[in-house]
Structure formats: structure tokens, C-alpha cells
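> I'll drop the sequence and a predicted model, then ask my questions.
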Amino acid sequence: MAIFLDSGKLDEVKKYMAWGVIRGVTTNPTIFLKDGVTGGVEGMKARAREIADIIYPYPLSLEVTSNYRQQMIEQAQEFAAIADNINIKITVHGPKGETENLEVVHELETVHDVRVNCTAMMSAQQCLLAALAGASYVSLFGGRVNNMGYDSRQEINRLRNVLDIQGLEAQIIIGSTREVLNIFEWLEAGAHIVTVTPNLIQGMLVHPYTKETVQMFLDDAKKCEQC
């Protein structure tokens with residue numbers, strides 16, 4: 001079981017690596033845009049190189065910026081060459097339902113020796129197909145599954161059972177995390193990895209009663225010193 005950090009900010013990555021609690025980082029163009037990365041693709045590559053170095057040997061997921069087959073393959077190889085611990089995000093299909101993406105996943109894993117994180121999936125059946133295609137990681141967007149009125153825990157449990165029965169080695173990543181509660185729920189349901197934003201890690205750690213208790217200990221310690 002592991003927690004990956006959703007972030008493109010170097011200070012955040014350094015902070016939580018120093019805590020010793022994260023086992024990887026996930027990014028995408030949306031995260032880079034939100035976190036102020038500029039300079040286009042070269043800017044993304046430069047930031048990815050820095051993050052990969054900070055978290056080595058843990059993995060960094062870096063997403064391609066195209067949905068055209070050949071461009072995805074070429075860019076995936078280019079991005080994977082940045083550092084040994086980079087894996088490449090490929091969405092399970094295109095914005096109009098284009099289906100070549102699984103061919104890309106299969107070719108990258110079996111021909112080009114590129115580790116793939118197949119992403120943007122909303123069901124166990126999508127994840128199973130990605131695992132059969134050879135993806136090293138299959139990313140299910142748990143928060144969005146819940147938003148659609150389904151129980152993401154059931155999808156995770158069904159998927160994990162089938163992967164284990166079939167002997168498929170793909171690791172289940174659950175993203176789109178909305179609440180601290182999701183993290184434990186999804187790990188208990190069978191996810192290998194849950195991706196979290198920094199505020200959720202803070203929420204896991206800081207508890208109002210712990211703050212109150214620590215303050216009591218400190219106050220009483222001061223009184224003891226004066227006894």
C-alpha cells in the first residue's frame with residue numbers, strides 16, 4: 001500500500017519526501033498548469049526532471065500531451081528518457097472514444113520497454129483491459145466514480161480480485177481523491193496506491209484533539225519545571 005502525491009510543486013514534493021510518507025508523484029498537464037509551470041513541453045520536462053531527481057527511486061507519472069497514436073509513442077519515449085523512474089500516463093481512450101490508446105499502451109510496454117500508467121478510467125472493466133494490454137499501473141478516478149452515483153470501493157474490490165485471480169501484475173492507482181476518508185476506504189478495498197493532494201495529507205495528520213492534547217502536555221511540563 002502506498003500514497004502518491006498529486007503535485008507539480010518542488011517545495012511540496014520535498015516536504016512530503018522529507019516526512020517519508022509518499023512513495024511516488026503523479027502529474028498531468030492540469031496539475032502543471034495549476035502549479036505555475038511555464039515554457040510549454042520543455043518546461044514540463046524540466047520540472048519533471050527535477051521532481052524525478054528528488055523522489056528517486058520512487059516513480060513519477062508524466063502524461064503525454066497528444067492523443068495521436070504516433071505522437072503519443074514518440075513523446076512517451078522522449079519523456080521516459082528524462083529519468084529512469086518516470087512512467088508515462090496514457091489515457092484509456094481519446095476524447096471522442098478513439099480506441100488506439102490501448103495499442104499505444106501495449107506497444108510502449110512490450111516493444112519500447114516504457115512503463116505506462118493508463119489513466120482517466122472510470123470503471124473496473126476499463127482497468128482490466130488496460131492491465132491485459134500490459135499497463136504497469138491502472139488509474140481509476142474514484143472520486144468521479146462516486147460522483148456518478150456508483151460506489152468506487154466495489155469497483156476497486158472487483159478489479160483487485162480479478163487482477164489477482166488472473167495473475168496480472170498491474171498496480172491499481174486510485175485518484176480524484178476528495179476526502180481523507182477516501183484514502184483508507186480505497187486502500188482497504190484493495191487499491192495498491194492512492195494519489196492525494198497536499199491538503200489531504202495535512203488532513204490525515206493534524207487532528208484538533210491532538211493539538212489540544214499536545215498543548216496540555218506542554219502546559220503541564222512547564223508547571224512541572226516550576227515545581
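Sure, I can see it. Remember, it's a predicted structure, so these values are computed and weren't measured experimentally.

> now for the longest helix along the chain, which elements pack on it?
In terms of residue count, the longest helix belonging to the chain (DSSP state H) is helix 208-225. Counting contacts by 3 or more Cβ pairs under 8 Å, 6 or more residues apart in numbering; DSSP states H and E, helix 208-225 is packed against no other helix or strand. Glycine gets a C-beta too; all of them are placed from N, C-alpha and C.

> so which residues make contact with the strand or helix carrying Tyr16?
Here Tyr16, judged by DSSP states H and E, is contained in helix 10-19. Under the criterion Cβ atoms under 8 Å, 6 or more residues apart in numbering, residues Leu5, Ser7, Ile22, Val25, Arg47, Glu50, Ile51, Ile54, Ile55, Pro198, Ile201 lie in contact with helix 10-19.

> now with 10 Å, please.
Residues lying outside helix 10-19 but in contact with it, judged by Cβ atoms under 10 Å, 6 or more residues apart in numbering, are 3, 5-7, 9, 22-23, 25, 27, 35, 47, 50-52, 54-55, 58, 60, 196-198, 201-202, 205.

> and the buried ones among the residues you listed, selectable in PyMOL?
In PyMOL, this line selects whichever of the contacts of helix 10-19 come out buried by 16 or more other Cβ atoms under 10 Å:
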select buried, resi 3+5+6+7+9+22+25+27+47+50+51+52+55+58+60+196+198+201
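
> out of the contacts of helix 10-19, which sit inside strands?
The strands in this structure, assigned by DSSP state E, contain Ile3, Leu5, Asp6, Val25, Leu60, Val196 from the contacts of helix 10-19.

> please report phi then psi for Lys89.
Geometry field for Lys89 lists phi and psi as phi -80, psi 130, criterion degrees, to the nearest 10.

> phi, psi of the closest residue to it other than its chain neighbours?
If the residues on either side of it in the chain are set aside, Lys89 comes closest to Glu63, at 3.6 Å by Cβ to Cβ, 6 or more residues apart in numbering. Comment: the main-chain dihedrals of Glu63 come out as phi -100, psi 140, following degrees, to the nearest 10.

> separation between Glu63 and Lys34?
In this structure, Glu63 and Lys34 are 14 Å apart, going by Cβ to Cβ, to the nearest Å.

> identify the contacts common to the two.
Here Glu63 and Lys34 have Asn28 as joint contacts, going by Cβ under 10 Å, 6+ apart.

> okay, now the unreliable bits of the protein?
Regions of the chain meeting the criterion pLDDT under 70 are absent.

> make it 90
Low-confidence segments of the chain, defined by pLDDT under 90: 1, 227.

> returning to that earlier point: and the longest helix of the chain, how far from the chain's centre?
Shown here is helix 208-225, whose average C-alpha point lies 37 Å from the average C-alpha point of the whole chain (Cα atoms, centre = their mean, to the nearest Å).

> could I have that helix exported to CSV, CA atoms only?
Coordinates of each C-alpha in helix 208-225 appear next as CSV, following Å, rounded to 0.1, in the frame of the first residue of the first chain:
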residue,chain,number,x,y,z
PRO,A,208,-7.8,19.1,16.7
TYR,A,209,-7.8,16.8,19.8
THR,A,210,-4.1,16.0,19.2
LYS,A,211,-3.4,19.7,19.1
GLU,A,212,-5.3,20.2,22.4
THR,A,213,-3.6,17.2,24.0
VAL,A,214,-0.1,18.4,23.0
GLN,A,215,-0.8,21.9,24.4
MET,A,216,-1.9,20.3,27.6
PHE,A,217,1.3,18.3,27.8
LEU,A,218,3.4,21.4,27.2
ASP,A,219,1.4,23.4,29.8
ASP,A,220,1.8,20.7,32.4
ALA,A,221,5.5,20.3,31.6
LYS,A,222,6.0,24.0,32.2
LYS,A,223,4.3,23.6,35.6
CYS,A,224,6.4,20.6,36.5
GLU,A,225,9.6,22.6,35.7
